[in-house]
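Asker: Next comes the sequence, and after it the predicted model I'd like to discuss.
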Amino acid sequence: MKNKVAAYLFSRLPHAIIAGLTAALYLSGDLTLIDNKLTDLGFEWSARPATGNVVLVEIDARSIEQFEIWPWPRRYHAAVIDRLLEAGARRVAFDVDFSARSRPEDDRLLARAINRAEGKVILPAFRQFIRLENGEKELKLSLPLPMFSEHSTIASINVQPEPDGLVRTMAVRDGPLASMASILEGQESFRERVFHIDYGIQLSTIPRLSYIDVLHGTFSPDEVAGKKIVIGSTAIELGDQVAVPIYKSIPGPFTHILGYEALVQGRALYEVAAAPIVLGILLVSFFIAPLFLEWRWQRSLLVLLLVLGGLVALSVAVQI
């Protein structure tokens with residue numbers, strides 16, 4: 001009996017080695033490239049429009065050219081908040097840094113506009129490394145000035161590139177702060193889950209208004225009534241461009257809107273835990289792989305291709 005058990009285990013040794021190597025490759029992240037390609041394929045095959053519930057007020061090249069100064073006086077932002085809320089906007093989120101002081105009178109005007117908004121304004125916070133006097137780096141959370149944050153909601157706008165340099169994921173919550181996408185969605189979570197941004201959402205279907213049109217009031221209230229607003233830069237000269245899949249590069253504010261769309265449309269993809277994947281590898285190696293040894297190589301190759309193709313199709317179909 002012992003000899004039979006030993007012989008059986010020895011016959012499964014090659015499969016155990018293959019399973020171990022495959023599991024090690026998966027856990028080390030060496031198969032991430034394949035996973036990313038499949039995810040991108042799913043985005044391309046499942047393209048769909050945005051809900052239209054979020055409007056981007058873009059600090060675009062036309063606005064920069066008209067004003068001929070940068071940064072703009074904060075009284076402009078104060079006027080834009082008032083005009084948007086008077087037109088019926090539900091919330092106004094800024095992807096603009098307010099962590100430093102500007103002209104005192106402009107700061108006071110912005111603070112008053114935020115106070116009048118009664119909690120409808122969302123301001124950004126972000127983590128960044130600063131260099132200390134001793135040359136070391138320290139991770140610091142940059143927050144809006146207290147005069148602005150007192151009557152507003154603070155949202156994290158940090159995104160982290162993957163090893164390939166592309167921004168693929170977003171955290172629902174970054175430490176003590178919820179992400180801008182989850183605040184816009186209205187269901188802030190206390191779990192620091194990370195999800196894939198849905199790049200299958202068509203950017204061309206996201207409503208957009210030029211900042212200068214909002215500031216001058218030359219827009220229809222119907223364009224923002226009942227909508228949530230994100231104000232941020234799309235002008236290339238301001239440098240807020242993010243490398244992403246599918247679109248190659250997009251202005252930073254679009255990442256927060258796409259994150260919102262993924263959450264609100266139920267298209268936020270979360271990573272599967274490692275344990276089920278490793279278990280699946282072991283099951284395939286020990287119970288299915290031995291069948292290949294009993295077949296002719298032509299049949300084994302055909303079955304292998306069909307299985308792999310089926311897994312790819314199933315993965316993409318589930319994503320869609």
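Answerer: Received, thanks.
Asker: what's in contact with stretch 92-112?
Answerer: Under the contact criterion C-beta atoms under 8 Å, 6 or more residues apart in numbering, stretch 92-112 has outside partners 59, 71, 73-75, 77-78, 80-81, 84-85, 117, 120-124, 126, 142-145, 147-148, 155, 157, 180, 183-184, 228-233, 240, 252-253, 256. C-betas here are computed from N, CA, C, even on glycine.
Asker: where along the stretch 51-200 of the chain do the helices fall?
Answerer: Under the criterion DSSP state H, counting those that start in this stretch, the stretch 51-200 of the chain carries helices at the ranges 61-67, 74-86, 104-117, 146-149, 180-185.
Asker: Show me the one of the ones you listed that comes nearest Thr218.
Answerer: With C-beta to C-beta as the measure, helix 74-86 is the member of the helices of the stretch 51-200 of the chain nearest Thr218 (10.2 Å).
Asker: There's contact between Val55 and Ile229 in this structure, I believe.
Answerer: Yes. The pair Val55 and Ile229 passes the contact test of C-beta atoms under 8 Å, sitting 5.3 Å apart.
Asker: Tell me which of the helices of the stretch 51-200 of the chain sits most buried.
Answerer: When neighbours are counted by mean count of other C-beta atoms under 10 Å, the highest per-stretch mean among those falls to helix 180-185, a mean of 26.
Asker: How about residues contacting that helix?
Answerer: Residues beyond helix 180-185 that count as contacts (C-beta under 8 Å, 6+ apart) turn out to be 54, 91, 93, 95, 122, 124, 153, 155-157, 170, 172-173, 188-189, 228, 230, 256-257, 259-260, 262-264.
Asker: related to what we said a few turns ago, more neighbours, Val55 and Ile229?
Answerer: For the pair Val55 and Ile229, the greater number of neighbours falls to Ile229 (27 against 23), based on other C-beta atoms under 10 Å.
Asker: quick one, what contacts that one?
Answerer: Shown here is Ile229, whose contacts under the criterion C-beta under 8 Å, 6+ apart are Val54, Val55, Leu56, Val57, Leu84, Ala89, Arg91, Val92, Ala93.
Asker: what does Ile246 give?
Answerer: Taking C-beta under 8 Å, 6+ apart as the definition, contacts of Ile246 comprise Asp40, Phe43, Glu44, Tyr199, Gly200.
Asker: Would you confirm that the second one belongs to a helix?
Answerer: In this case it means Phe43. Yes. Counting by DSSP: H, G, I helix; E, B strand; the rest coil, Phe43 is located in a helix.
Asker: Which residue, neighbours along the chain excluded, lies closest to it?
Answerer: With sequence-adjacent residues excluded and distances taken as C-beta to C-beta, 6 or more residues apart in numbering, Phe43 is closest to Gly200, at 3.9 Å.
Asker: Next: the first one.
Answerer: Spatial nearest neighbour of Asp40, chain neighbours left out: Pro245 (4.8 Å); criterion: C-beta to C-beta, 6+ apart.
Asker: For the one you found, grab the count of nearby residues.
Answerer: Using other C-beta under 10 Å, Pro245 has 19 neighbouring residues.
Asker: Which pLDDT value goes with it?
Answerer: At Pro245, the predicted lDDT confidence score is 93.
Asker: Please apply the same query to Leu38.
Answerer: For Leu38, the model assigns a pLDDT of 77.
Asker: Distance-wise, check it relative to Ile250.
Answerer: Counting by C-beta to C-beta, to the nearest Å, the separation of Leu38 from Ile250 is 21 Å.
Asker: Out of those two, name the residue with the larger neighbour count.
Answerer: More neighbours surround Ile250 than the other of Leu38 and Ile250, with 20 against 14 (other C-beta under 10 Å).
Asker: unless I'm mixing things up, that one is touching Asp240, no?
Answerer: No. Contact criterion C-beta under 8 Å: Ile250 and Asp240 do not qualify, at 9.8 Å.
Asker: so what strands line up beside the lengthiest strand in the chain?
Answerer: For the chain, the strand that runs over the most residues, judged by DSSP state E, is strand 121-131. Its sheet considered, strand 121-131 pairs with strand 91-94 (parallel), strand 137-142 (antiparallel), strand 153-156 (parallel) by DSSP bridges.
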